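**Q** dropping a prediction and its sequence here:
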Amino acid sequence: MDKARFGVVIASALCALAACGGAKQTGPAATAGGGVAKAEAGCGASSAVVPIGSPSGSSTVALARVSGRRVAFVADEDAKAILTVDLDTREQLAQTSLGARPGQLLVTKDGRVLATVREGSKVLSLAATSATAPLATRCEATTPVEPIAIALTPDDGTMLVASGWGAALSAFDAATLTPRWTAPLSREPRSVVVSDDGTTAFVSHAVGSQVSTVDIREGNWRAVSTIPLRGLQPSTLDLLEQEHATPASSEPSTKAHARAVMAMRAERDKGRPSCQGFTLAKAKVVPGRVFAPEVFVDPGNLDERPDGYGDVHQDTEVPNVAVLDEGTKTPLLTSVALDAMGRSSRQRKMASADPRTTRPECLLPRAAAIDTTTRSLLVTCFGIDAVVAYDAESPAPFRAEKRRWTVGSGPSGVAIDEEKHRGVVWSQFDRTVTTFPIGGREMVDERTAPTTVARTALPPLKDKLPAEYALGRVLFHAAGDLRLSGDGRACASCHPDGRDDGITWATPEGPRRSIMLAGKVTATPPYSWNGTEHTIANHLSSTFDRLSGNGLHGIELDALVTFVSQMPPPPARTIDAAERAKVERGRQVFASNETKCASCHAGSDMTDGRNHEVASKHKADRATAFNTPSLRFVGGTGPYFHDGRYASLKELLDATDGTMGKTKHLAAADRDALEAFLRTL
């Protein structure tokens, strides 16, 4: 982000924010002014809402016509409410308070507004009687922890909900919200879309280099598989292309062919890892394709000790858009291709471009939608506060950028107003709604043919955000700011949503796994795996130095410390009656003298704040002793140990007997109980 643009964002943040189980029928819904909106009777009650367009999934902004007015429904996490905004007059018409942070919204064909509530772990079905009245809650259903994204099957019969911290995909009857099934998934699912034929759900993950697929046909939901989304080198691409081009029947030996295929796929799975999988998009005008914006990551050689986190002189993070084939459930190879130096072809081209015209990269993609008229994929980008349009018909959309629009800070959602052919963006950080005309089939560069962008600031928050917190949030997501890093990384690059990227980085001290920050840092000094930093400010300054950043000072450093210290933790996990006894047994095992787990993981934050030698030295490590990590939220993170050597809690408990507590002697039931207890922390 250039210095002038950054100054505008900071001013905006300071001025706008500092100034400002099963389905059940529900009671009244509170309004913003403390009044009460009477709930409609039953899930099937009528609504005055008519959807605009047919998005493939939910977003933080959804469009509709209500009582003759064209409106945007906005999920405002700071207000803990859904806002109703007139798109033509640019005024806020109503506010529906939820009492907890909303996730995303989706308007159904029959006029219901579906909304997830992240802290409340529920999904709501709401109705509107007019554009100026708060939405009324028809009914609600309990979901796994932290529901975020929603999608409907093509027949509108089934509603799917992806839960981030709960790591699950749940299905409900779309009309009644009656629960049907829940499929466990990998970490941090954030978006869901459904295939054109209605048989498969595609689910993106903020971390883990993958998209999950779930067969959602009756009785088949346990069939969960994954699609690797890794950057592939030319040598790997050649092998995989040979595999696709050579029928197995032409091989002299079926076993030999199978071994060759396995070797090729193993090489593929070792490709450049990726993260930032916050969104997916699809549309029938580009049939059979699912678009997955992501970022390739080069963590460096873990057997070496570079100057920074990864090799900061290379492209440690490279933006990309993977294109998935619905039928084969594989990515188009050209969409995940890297050049011989491990960079995307477009990044290589830009490396030699005139720096005065080089555009900042989209390293924090957050929302996406497809414009059916121009067949363009529109992606919102945190940090650079832009919407980027790519050619959705290209086999490698990232190399076919068509246009950009500058929007408000923190663009968390995008929708297409198909009737007026314009984009609508909700920017959470400065609480603005931006609209812009999308243009014709052949888009032009906005720098030579600027378009009209209308940005509307909404009324100030009733409960104002502290100015330092608001500024710190902007800084945390500031991609391309040379004060933070020399290679474009933002704090949110390694800590998406304040959590962790699941990646182990080569560092000057040896391999180090990213740690979760949200809800953890204030009570757990010292900081860093080496336990050498005793304040967050000092640790941040050391991090900037290792990222080749120029550093922050004064109010900006204080603001970033404030945000990191106060960013909201994930919602608490619920323990059902069937698990309660098992978890209690695990608590007893953890605290026992037999296992000695609590001898180091002590207190409310489960760390003694000391360094210990537990025979975990990696060959690239300088030190032999490491700081005891807090076990808070340990069940939702991983991989484990300072170098990420253990993929799961079970693997860690099985492998560390005698060096870090004693667990090998435990009966299988007690070990399972111990793991169940750890997942509740």
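**A** That came in fine, so what should we check first? Because the structure is predicted, anything quoted here is derived from the model rather than measured.
**Q** how about the helices in this structure?
**A** Ranges of helices in the chain, per DSSP state H, are 3-12, 18-19, 234-245, 254-269, 345-351, 467-476, 491-494, 536-546, 554-566, 577-591, 649-655, 668-678.
**Q** surely Leu461 meets Arg431?
**A** Yes - in this structure Leu461 lies within contact range of Arg431 using C-beta atoms under 8 Å: 7.5 Å. All C-beta spots, glycine's among them, are computed from the backbone N, C-alpha and C.
**Q** among these two, which residue is more densely surrounded?
**A** The residue with more neighbours, out of Leu461 and Arg431, is Arg431; 28 against 18, by other C-beta atoms under 10 Å.
**Q** and the closest residue to Thr659 other than its chain neighbours, how far is that from Ala386?
**A** Residue nearest to Thr659 in three dimensions, not counting chain neighbours: Ala615, with 4.3 Å by C-beta to C-beta, 6 or more residues apart in numbering. Separation of Ala615 from Ala386 (C-beta to C-beta, to the nearest Å) stands at 48 Å.
**Q** flag the shaky bits of this structure, pLDDT-wise.
**A** Within the chain, the segments meeting pLDDT under 70 span 1-42, 44-45, 234-270, 312-313, 339-358, 441-451, 523-524, 657-658, 661.
**Q** tell me the domain boundaries of it?
**A** For the chain, automatic domain parsing gives the domain ranges 22-142, 577-678.
**Q** select, out of these, the one closest to Pro568.
**A** domain 22-142 (7.5 Å; C-beta to C-beta).
**Q** returning to that earlier point: give me the number of residues near the residue nearest to Thr659?
**A** Neighbours around Ala615, by other C-beta under 10 Å: 9.
**Q** might you report the residue contacts of Asp371?
**A** Residues in contact with Asp371 (C-beta atoms under 8 Å, 6 or more residues apart in numbering) are Leu378, Ala389, Ile416, His421, Gly423, Ile438.
**Q** so which of those belong to strands?
**A** Secondary structure defined by DSSP state E assigns Leu378, Ala389, Ile416, Gly423 of the contacts of Asp371 to strands.
**Q** the stretch 51-200 of the chain: strands as residue ranges?
**A** 61-66, 69-76, 81-86, 92-97, 102-107, 113-117, 122-127, 136-142, 147-152, 158-163, 168-173, 179-184, 189-194, 200-205 (DSSP state E, counting those that start in this stretch).
**Q** next, count neighbours for Arg404.
**A** By other C-beta under 10 Å, the residues close to Arg404 number 19.
**Q** for it, give the beta-bridge partners.
**A** With DSSP bridges as the criterion, Arg404 is bridged to Val388.
**Q** dump the residue contacts of it.
**A** Arg359, Ala386, Val387, Val388, Ala389, Glu446.
**Q** before we move on, what about Arg499?
**A** Glu188, Ala206, Val207, Met516, Leu517, Ala518, Pro570, Gly636, Thr637 are the contacts of Arg499 under C-beta under 8 Å, 6+ apart.
**Q** could the domains of the chain go into a markdown table alongside distance to Glu294?
**A** Converted to a markdown table, the domains of the chain look like this (distance: least, C-beta to C-beta, whole Å):
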| stretch | distance to Glu294 |
| --- | --- |
| domain 22-142 | 16 |
| domain 577-678 | 19 |
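**Q** ok, back up a step: so which of the contacts of Arg404 comes closest to His539?
**A** For the contacts of Arg404, with His539 as the reference and C-beta to C-beta as the criterion, the closest is Ala386, at 30.3 Å.
**Q** tell me the spacing between the residue lying closest to the closest one once chain neighbours are set aside and Val388.
**A** Nearest residue to Ala386 in three dimensions, chain neighbours excluded: Arg404, at 5.2 Å (C-beta to C-beta, 6+ apart). Separation of Arg404 from Val388 (C-beta to C-beta) stands at 5 Å.
**Q** again with Thr504
**A** From Thr504 to Val388 the distance is 30 Å (C-beta to C-beta).
**Q** ok, now Leu631?
**A** Per C-beta to C-beta, Leu631 is found 40 Å from Val388.
**Q** with neighbour numbers in mind, choose between those two.
**A** Neighbours were counted for Leu631 and for Val388 using other C-beta under 10 Å; Val388 has more, 26 against 20.
**Q** which ones are touching that one?
**A** For Val388, the contacting residues are Cys362, Leu378, Val379, Cys381, Glu401, Arg403, Arg404, by C-beta under 8 Å, 6+ apart.
**Q** wait, isn't Ser204 in contact with Arg190?
**A** Yes - the criterion here is C-beta under 8 Å, and Ser204 meets it with Arg190 at 5.5 Å.
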